[in-house]
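1. What follows is a protein structure lacking sequence information:
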């Protein structure tokens with residue numbers, strides 16, 4: 001699908017990744033057109049058809065998670081669809097890790113020899129709760145051997161948060177203060193990309209790619225919960241050939 005995103009990163013040839021956009025589906029209204037989430041109020045038949053269209057580009061049905069902004073990690077190929085988790089990893093050929101987002105940050109991971117992949121759902125609660133750390137641990141690889149790619153998320157020009165959010169991150173790591181810009185209303189603009197990169201770097205994952213696509217500002221391409229409330233979800237997917 002020409003309107004979807006193929007990550008531009010130096011992943012091994014065996015690693016395949018894909019990020020959907022709004023384009024290419026049958027959903028109507030606020031879900032138009034390729035909503036892939038079954039829990040947001042869209043017509044179930046439309047969601048099923050959208051997932052069928054996506055499936056044509058994949059080696060297997062993705063592991064669709066029940067995401068709760070936590071840090072549990074599932075293993076694609078072994079876990080049952082609907083498992084409550086916010087990250088997935090796989091080390092077997094054809095098992096597809098999938099994350100649904102509409103402002104939260106999708107983080108894709110692989111090792112540098114193409115034998116392990118992972119995906120994490122990293123909104124601010126997941127980031128603060130350690131979902132990236134949990135996903136990296138579950139990869140069972142030395143962090144310097146990992147690569148990370150940051151997918152479309154609400155950008156630092158649009159993600160307004162309160163003082164309590166900033167305090168959570170700065171209490172964990174003082175250098176996180178650089179990821180927040182003060183506003184005149186007492187709020188802060190938060191940079192999810194920078195916060196995720198700091199967490200990855202602290203673990204020893206220094207090869208971080210992607211970032212810069214804003215779901216809130218790019219309304220024609222992406223769903224945004226902060227912008228619309230009632231909306232669909234994109235999928236970020238990764239697997240091994």
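-> Ah, there it is. The model shown is predicted, which means the values in this text are computed figures rather than measured ones. Residues are numbered from 1 along each chain as shown.
2. Using the three-state scheme, assign the most centrally placed residue in the chain.
-> Nearest to the mean C-alpha position of the chain, counting by Cα atoms, centre = their mean, stands residue 106 at 1.3 Å. Here residue 106 is strand, with the state taken from DSSP: H, G, I helix; E, B strand; the rest coil.
3. From what I see, it and residue 18 are in contact.
-> No: the pair residue 106 / residue 18 is not scored as a contact, 11.1 Å apart, by Cβ atoms under 8 Å. Placement of C-beta: from N, CA and C, glycine included.
4. Quickly list what's touching both of those two.
-> Both residue 106 and residue 18 are in contact with residue 236, where contact means Cβ atoms under 8 Å, 6 or more residues apart in numbering.
5. Would you mind listing the residues in contact with the residue nearest to the centre of the chain?
-> So residue 106 contacts 19, 99, 119-122, 150-153, 236 (Cβ under 8 Å, 6+ apart).
6. give me that answer again for 6 Å
-> 99, 151, 236 (Cβ atoms under 6 Å, 6 or more residues apart in numbering).
7. Ok, residue 16 next?
-> So residue 16 contacts 239, 241 (Cβ under 6 Å, 6+ apart).
8. And it, how far from residue 57?
-> Per Cβ to Cβ, to the nearest Å, residue 16 is found 9 Å from residue 57.
9. what touches both of the two?
-> If you check residue 16 and residue 57 against Cβ under 6 Å, 6+ apart, no residue is contacted by both.
10. excluding its backbone neighbours, what's nearest residue 58?
-> residue 96 (5.4 Å; Cβ to Cβ, 6 or more residues apart in numbering).
11. wait, what's in contact with the one you found?
-> Contacts here follow Cβ under 6 Å, 6+ apart; on that basis residue 96 touches 58, 60, 62, 237, 239.
12. Could you turn the buried ones of those residues into a PyMOL selection?
-> Per 16 or more other Cβ atoms under 10 Å, the buried members of these correspond to this PyMOL selection:
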select buried, resi 58+62+237+239
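13. Tell me which of the contacts of residue 96 fall in strands.
-> Taking DSSP state E, the ones among the contacts of residue 96 that sit in strands are 237, 239.
14. I'd like the contacts of residue 96 written out as a markdown table, with pLDDT added.
-> Output for the contacts of residue 96, formatted as a markdown table (pLDDT from 0 to 100):
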| residue | pLDDT |
| --- | --- |
| 58 | 98 |
| 60 | 97 |
| 62 | 98 |
| 237 | 98 |
| 239 | 98 |
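15. any idea which of the contacts of residue 96 is closest to residue 10?
-> Among the contacts of residue 96, residue 239 lies closest to residue 10 (Cβ to Cβ), at 17.5 Å.
16. Excluding residues flanking it in the chain, which one is nearest the closest one?
-> Per Cβ to Cβ, 6+ apart, closest to residue 239 is residue 96, 4.4 Å.
17. Quick one: neighbours of residue 78, just the number.
-> Using other Cβ atoms under 10 Å, residue 78 is surrounded by 11 other residues.
18. I meant to write residue 24 there.
-> Number of residues near residue 24 (other Cβ under 10 Å) recorded here: 15.
19. For this structure, which segments count as helices?
-> Taking DSSP state H as the test, the helices found in the chain are 44-55, 124-129, 131-139, 163-172, 192-203, 225-228.
20. List the buried residues for the fifth one?
-> Read that as helix 192-203. Quick answer for helix 192-203 (16+ other Cβ under 10 Å): 192-200, 203.
21. try the fourth one
-> Judged by neighbour count (16+ other Cβ under 10 Å), helix 163-172 contains these buried residues: 165-166, 168-169, 172.
22. what's the angle from that helix to helix 192-203?
-> Orientation check (axes from the mean of the first three to the mean of the last three Cα atoms, to 10 degrees): helix 163-172 against helix 192-203 gives 20 degrees.
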